[in-house]
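1. Provided below are the primary sequence and the corresponding predicted coordinates.
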Amino acid sequence: MVEQLCECGCGNLASPGSRFIHGHNMNLKKFREDATKASIQSWKPGGKNFHRKKHFDKPCKCGCGQIVKAPNKYIQGHHNKINKPRLGKKCPHTAETKAKMSKTRSTPEMRSKMSIAAKKAYADPEYYAKFCGPNSSAWRGGVSSEGYCPDFKDPEYRKWLFDRDNNECKNPYCRKLNSKLSLHHINHNKKDCRPRNFIAICISCNSRANFNIKYWERLYKRIRKYGFNPRLMFE
């Protein structure tokens, strides 16, 4: 049987069939501990791997000076500098608080205050330029400035369209925030005033239709064609 070197790293020959000289297996444990310590030391300033540390742990970008583990850029809660004074404090937005906030926002008084605040903000030219026009996420090339077709303003035609839709919001997912109805162009083409291109929905739902346009266009086309019948609408 061929003799082999002791696996503890001492350089001596072990007995045939043995991996260690008697008592040297404890040296392997110590060797591994020393290797672990050396590895840890190599990542500290002055170590051989310290220059590679920039690809791993980095300082938090909020400016606090603490180290964040890769691939994160911020320590949890540090993303918004406004939250810095509240670090370590319990967040006040519990389930109970959120429920109270949602009830408060739905009151007419609160909606009126929010409306007045929004009008004051948009009266500032700099604020308006930042969130409106080409800088808006809902910008579609200025189509809102285009005029409607003549039939759209015809009172008799509008009344007939509302009567056809039973004078109710036809959006099955309506939030019931506003009872006032409006006529919505399903394909968002203001010049297309065919009856099948109109659907009666409330003002709130009409505003929602300006975002995620493809989803709402598909939904309203299917409602116009099938009515709200999920079996037929989503086959």
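-> That came through fine. Since the structure is predicted, the reported quantities are computational estimates derived from the model, not experimental observations. Numbering: from 1, shown residues only.
2. number of residues surrounding Cys169?
-> Close neighbours of Cys169, defined as other CB atoms under 10 Å, add up to 25. In this view, the C-beta of every residue, glycine as well, is placed from N, C-alpha and C.
3. would you confirm that it belongs to a strand?
-> No. In this structure, Cys169 is coil, not part of a strand, as judged by DSSP: H, G, I helix; E, B strand; the rest coil.
4. hmm, Cys205 and it touching each other?
-> Yes. Applying CB atoms under 8 Å as the test, Cys169 and Cys205 come out as touching, 5.9 Å apart.
5. what's the weakest-modelled helix or strand in the chain?
-> helix 230-233 (a mean of 46; mean pLDDT, DSSP states H and E).
6. what residues does the helix or strand Ile201 falls within touch?
-> Counting by DSSP states H and E, the secondary-structure element that holds Ile201 is strand 198-202. Surrounding strand 198-202, the residues in contact under the criterion CB atoms under 8 Å, 6 or more residues apart in numbering are 161-162, 164-165, 167-171, 174, 177-186, 209, 220, 223-224.
7. so which of these are in strands?
-> Within these, residues falling in strands by DSSP state E are Leu181, Ser182, Leu183, His184, His185.
8. and the fourth one, what's its pLDDT?
-> Right, the one you point to is His184. As summarised for this prediction, His184 has a pLDDT of 90.
9. what's the burial count for it?
-> Here the number of neighbours of His184 (other CB under 10 Å) works out to 23.
10. go on, the last one?
-> Other residues within reach of His185 by the criterion other CB under 10 Å amount to 21.
11. ditto for the second one
-> Per other CB under 10 Å, the neighbour tally for Ser182 reads 17.
12. that one touches Ser207, doesn't it?
-> No. Proximity of Ser182 to Ser207 does not meet the contact threshold set by CB under 8 Å, at 9.4 Å.
13. if we can go back for a sec, need the buried ones from the contacts of strand 198-202 selected in ChimeraX.
-> ChimeraX command restricting the contacts of strand 198-202 to the buried ones, with burial defined by 16 or more other CB atoms under 10 Å:
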select :161,162,165,169,170,171,178,181,182,183,184,185,186,209,220,223,224
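14. so which bits of stretch 206-216 are buried?
-> Taking 16+ other CB under 10 Å as the neighbour-count basis, stretch 206-216 is seen to contain the buried residues Asn206, Arg208, Ala209, Trp216.
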